[in-house]
Every structure is written in C-alpha cells, then in structure tokens.
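[1] The amino acid sequence is not available; the structure is as follows:
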C-alpha cells in the first residue's frame, strides 16, 4: 500500500505506523460513566467502504496524518495532516 504523505510524497506503508480510528470521540475525562468509557475502549466498528484513520509517518517526517481508506479494497482516497483535521473538528481525538 502506498500512502501519499502531504510533506514527503508517495511512500510505502512500511514507513508508517497505524495510530487508530480517526472518527472516535473520547468521553469527557472527568466522566464517571462506566458504559461510555467501556464503549470507547472496547467497542470497535468494522465498516465497509471509506474510513478515516490516524497514521504516523514514523519513517519519514514524523507527522500525524488522517488517511481515508476503503476497508475492503485498501484504496486510499485522501491523506491530510491530522492537525488540520483536528482543528477543523473532523478528526476525532488526537492520536
């Protein structure tokens, strides 16, 4: 799989580290709602189609990225800096 880093250009996936789902929202840290924390930690969706994920370009520029990837075909439709996605409110929690 090739990921097109916005800073370094196209690179093999071996240079990257998967950091998790970019659509999850963490409960309020002060929350004592055990069900909400259990759902955040343990529940995982396995969607078909496009899905947003955090990746770290660990073998390159060390930037966190948001990659939109088709879960069935692994075709990547977009890649952007995580800082931009989080600032715009579209990135879920920080990696």
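    Perfect, thanks for sending it. Since the structure is predicted, the reported quantities are computational estimates derived from the model, not experimental observations.

[2] so where's this structure shaky on pLDDT?
    Along the chain, segments meeting pLDDT under 70 span 86-95.

[3] those helices in it, which residues are they?
    34-42, 82-88 (DSSP state H).

[4] Just send those helices back as TSV, with distance to residue 66 too.
    C-betas here are computed from N, CA, C, even on glycine. Shown next, in TSV, are the helices of the chain (distance: least, C-beta to C-beta, whole Å):
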stretch	distance to residue 66
helix 34-42	19
helix 82-88	4
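
[5] Look at stretch 57-64 and report the distance between its end residues.
    6 Å (C-alpha to C-alpha, to the nearest Å).

[6] didn't residue 47 look like it was pressed against residue 70?
    No. Checked against C-beta atoms under 8 Å, the pair residue 47 and residue 70 is beyond contact range at 9.9 Å.

[7] the more surrounded of these two?
    Taking other C-beta atoms under 10 Å, residue 47 and residue 70 do not tie; residue 70 has more neighbours (14 against 11).

[8] Perfect, that will be all.
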